[in-house]
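>>> Show me the folded form of this:
(one chain, ligands or ions: 2)
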Amino acid sequence: MTARIARVKGRSLWDSRGRPTVEAEVTLESGAVGRAIAPAGASRGAHEAIDLRDGGEAFLGFGVDRAVAGIAAEIAPAIIGMDAREQAAIDRALCELDGTPNKARLGANAVVAVSMAVLHAAAADAREPLWRWLAEGRKVRIPLPEIQIFGGGAHAGRRTDVQDFMVMCPRAGSFRRALDITHDVFRAAGRLMEAKGPLSGVADEGGWWPNFASNEDALETLTRAIEASGHRDVYISLDIAANELGDESGYKLALDGRRLTGAEMAGRMIEWTKRFPILSIEDPAGQDDWKTMAAVNAAIGNRVQLIGDDVLVTNAERVEAAAKAGVCNAALIKVNQVGTVSEAKAALDAARAHGWGTLVSARSGETEDVTIAHLATGWNAGQLKVGSFTRSERMAKWNEVLRIEEAMGPDAEFAGASAFAAPVAEALR
Ligand code: PGA
Ligand code: ZN
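Numbers count the residues shown, from 1 in each chain. Ligands and ions are numbered 1, 2, ... in the order given. Sure, this is the predicted structure:
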């Protein structure tokens, strides 16, 4: 009975937006089975790995029959017989088989599903929960959650320009307590929204559908929701996803009726951190506007977490270049942005080597797959971004971390403020 791969099966299932996505199932000679489902982004960076979609009329072009066919025709024969515990070798084989710099031929959706399914199979073979298999005996922390309250941007018909209005509770002491607090903030925000007018459902990641006069109105409402919850030490975290708003030639804040230069955009971010309790900002500028990012980082990077998402695309080389240019102090890690588990881990290691914070992240299109809860914990990433506090494709991840926290028992250590780059953690003290 060995951990050699005996069977690889792909199938198409549905994601949280009701679009087709790829599931892979890997069976080992020992009988151990691993399964994983590819997520899908909506606000994607140009440097990301590319999903293979069928195009055409069916499913608005989002079909994944070609990606699934590639698993049967090419991926399975290439990795059957390999040892599932050799993740790096398998991921290398997947990259070589694809042969493109961005997984465009086989599709990042096919590749990521297989890569993660192999990981699950190896852990199952070792009879270990995935987080513990990944920890390899090292002490790991329970991640600090970053949880969306309002969803905007590309996830809500662009009702706000800012994409994610989130909260973080670095002093909660435990993951369970952080979720309890978030529940109260989320409900308080709902009550405030209701008082303003009709409460109209939720956005793609489960946050309240935004109904605001301006981006700052949203920030003010969130600040009031935190106060109304009665909890202290709750901070705001934003994903500007500025890539969707423009580039170095200018950024359009449609809701505010403003067009900002890069310098003005940097100024706006800095000003917001003075007026609102903002602890973290993701992608304050476009993916290639490193000048604006560096200006923001130079001004507030000593007290505010500045996360690179579209700018880094979970790519170790881009992390290195970004560190040299001083554009951020934290990296968002999305496995499907680069395509394989090993490449995502390399990006995380590169960020960590520069003293950055690291966040394992979901995509706006998700499923019941909870792999990221295990990656965030087992890799000791320190932070986990999943989306909001409704809808089971989100709650499944939060619930999985609750189980992990319970399984660790008294040994469980909540990352809290230690999840941030040292100057930011220091400023919180
Ligand atoms: P996406 O958004 O999954 O739609 O790309 C998530 C994010 O920007 O962090
Ligand atoms: Zn983002």
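>>> burial count for residue 195?
By other C-beta atoms under 10 Å, the residues close to residue 195 number 9. Placement of C-beta: from N, CA and C, glycine included.
>>> Check the one 10 residues further on too.
A count of nearby residues for residue 205, using other C-beta under 10 Å, gives 29.
>>> distance of the nearest residue to it once chain neighbours are set aside from ligand 2?
Excluding its sequence neighbours, the residue lying closest to residue 205 (C-beta to C-beta, 6 or more residues apart in numbering) is residue 387, at 3.2 Å. Between residue 387 and ligand 2 the distance is 11 Å, computed by C-beta to the ion, to the nearest Å.
>>> Now residue 387: phi and psi?
Main-chain dihedrals, residue 387, degrees, to the nearest 10: phi 120, psi -150.
>>> I am assuming it contacts residue 366, so please confirm or correct that.
Yes - counting by C-beta atoms under 8 Å, residue 387 sits close enough to residue 366 to count as a contact (7.1 Å).
>>> Which single residue of the stretch 301-429 of the chain ends up nearest ligand 2?
For the stretch 301-429 of the chain, the residue positioned closest to ligand 2 under C-beta to the ion is residue 309, at a distance of 3.5 Å.
>>> ok, and the closest non-adjacent residue to that residue?
Setting aside the residues directly before and after it, residue 309 is nearest to residue 332 in space (C-beta to C-beta, 6+ apart), at 4.1 Å.
>>> Residue 256 too?
In this structure, residue 256 finds its nearest non-sequential neighbour in residue 214, 5.1 Å apart by C-beta to C-beta, 6+ apart.
>>> who has more neighbours, residue 387 and residue 366?
residue 387 (30 against 27).
>>> could you pull out the strands for the stretch 51-200 of the chain?
In order along the chain, the stretch 51-200 of the chain carries the following strands (DSSP state E, counting those that start in this stretch): 144-151, 164-168.
>>> Pull the number of nearby residues for the residue lying closest to residue 187 once chain neighbours are set aside.
For residue 187, the nearest residue in space outside its immediate sequence neighbours is residue 229; the separation is 7.8 Å by C-beta to C-beta, 6+ apart. Taking other C-beta under 10 Å as the neighbour definition, residue 229 ends up with a count of 19.
>>> quick one: residue 229 and residue 188 touch, right?
Yes - A contact is recorded between residue 229 and residue 188 when judged using C-beta under 8 Å, the distance being 4.5 Å.
>>> Residue 8 belongs to a strand, doesn't it?
Yes - with DSSP: H, G, I helix; E, B strand; the rest coil as the criterion, residue 8 is located in a strand.
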